[in-house]
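1. Dropping the sequence and predicted coords here.
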Amino acid sequence: MACRGVGSVLELICFTVLLALSLLAAYVLYDGATVNREAEGIAEMRQQIVDNAAEFQWREGMVAWLSLDDTHIDYPVMQAQDNKWYLSRDYLGRPALTGSIFLDYRNSADFSDGLSLIYGHRMSGDLMFSDIAKFADADYLAKHRTGHLKTRTGEFALEVVDYLVVSVKNKLYSELSGEGFDLGSEKFIVLSTCDREDRGKRDVLILRNKNMT
């Protein structure tokens, strides 16, 4: 009887493991399809905003479109009532492993703050904010200095100022403070993503909003 009991337990464990693997495989397939669908939708919107920005249809929660010239960073910027919602949801609010590029909920949606903080996952395949790490190379940074931010009210020219690796305990995250960055009185946008070498740090790219002072 004892052996039968052990056999039943092993069978249950095996069944549970197989079920978990099946569910994981199904999720991976689903998420892959979601990513492809999202990429197609963003590509369509990207073309629309290039062809006719004045007639562009802004989605709910979308506050801007961010693009850095000659990089893969070319995405809508979302904003919610907290910083968790878009971590795992696309621009339509659907579950997505890639999440979205999003503005800190404490920032003004018109980017009038002295410092605006934008988050994005560091994904493989040049997705989302993976290109930020490339700015660690001085030559790459020197050759990729420009970008644009389109909002509902206008378009702003961006200038890449610096690339830094900072602690997650930096006041940037707790107080939206640029203390230690020597930012001065101009308007700045900071792009933030995970650092692959240290989970306690973040890779950030500092951009100057050249149209706002």
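-> That came in fine, so what should we check first?

2. hey, let's count contacts and neighbours off CA atoms from now on
-> OK.

3. For residue 45, give me its contacts.
-> In this structure, residue 45 makes contact with residue 56, judged by CA atoms under 8 Å, 6 or more residues apart in numbering.

4. check which helix or strand covers it.
-> Element membership for residue 45 (DSSP states H and E) is helix 2-51.

5. same deal with residue 186?
-> Using DSSP H and E, no helix or strand contains residue 186.

6. and it, how far is that from residue 115?
-> 9 Å (CA to CA, to the nearest Å).

7. Neighbour count for the two, which is higher?
-> In terms of neighbours (other CA atoms under 10 Å), residue 115 is the more surrounded of residue 186 and residue 115; the figures are 24 against 14.

8. Am I right that the more buried one is in contact with residue 175?
-> No. Look at residue 115 against residue 175 with CA atoms under 8 Å: they stay out of range, at 10.3 Å.

9. At the geometric centre of this protein, which residue do we find?
-> residue 120 (1.6 Å; CA atoms, centre = their mean).

10. I figured residue 132 was touching residue 204, is that so?
-> Yes. The criterion here is CA under 8 Å, and residue 132 meets it with residue 204 at 7.2 Å.

11. which residues do these two both contact?
-> Contacts common to residue 132 and residue 204, judged by CA under 8 Å, 6+ apart, are residue 193.

12. biggest strand in the protein, by residue count?
-> Secondary structure of the chain read by DSSP state E shows that its longest strand is strand 155-167.

13. Just checking: what are the partner strands of that one?
-> Using DSSP bridges, the strands paired with strand 155-167 in its sheet are strand 146-151 (antiparallel), strand 201-209 (antiparallel).

14. what's the closest of the ones you listed to residue 98?
-> With distances scored as CA to CA, the stretch of the strands paired with strand 155-167 nearest to residue 98 is strand 201-209 (17.2 Å).

15. what residues does that closest one touch?
-> The contact list for strand 201-209 (CA under 8 Å, 6+ apart) reads 132-133, 135, 156-168, 186-195.

16. ok so, going back, mean neighbour count and mean pLDDT added to the strands paired with strand 155-167, as CSV?
-> Shown next, in CSV, are the strands paired with strand 155-167 (neighbours: other CA atoms under 10 Å; pLDDT from 0 to 100):
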stretch, mean neighbour count, mean pLDDT
strand 146-151, 19, 96
strand 201-209, 22, 96
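
17. any chance of those in a markdown table, plus distance to residue 40?
-> Listed next are the strands paired with strand 155-167 as a markdown table, based on distance: least, CA to CA, whole Å:
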| stretch | distance to residue 40 |
| --- | --- |
| strand 146-151 | 20 |
| strand 201-209 | 27 |
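
18. Show me the one of these that comes nearest residue 64.
-> Nearest of the strands paired with strand 155-167 (CA to CA): strand 146-151, 4.3 Å.

19. I would like the residues contacting that closest one, please.
-> Counting by CA under 8 Å, 6+ apart, residues outside strand 146-151 touching it are 63-69, 110, 155-160.

20. same deal with stretch 68-88?
-> With contact meaning CA under 8 Å, 6+ apart, stretch 68-88 is reached by 42, 46, 61-67, 91, 93, 95-105, 109, 118, 120-121, 126-129, 131, 144-148.

21. Noted, bye for now.
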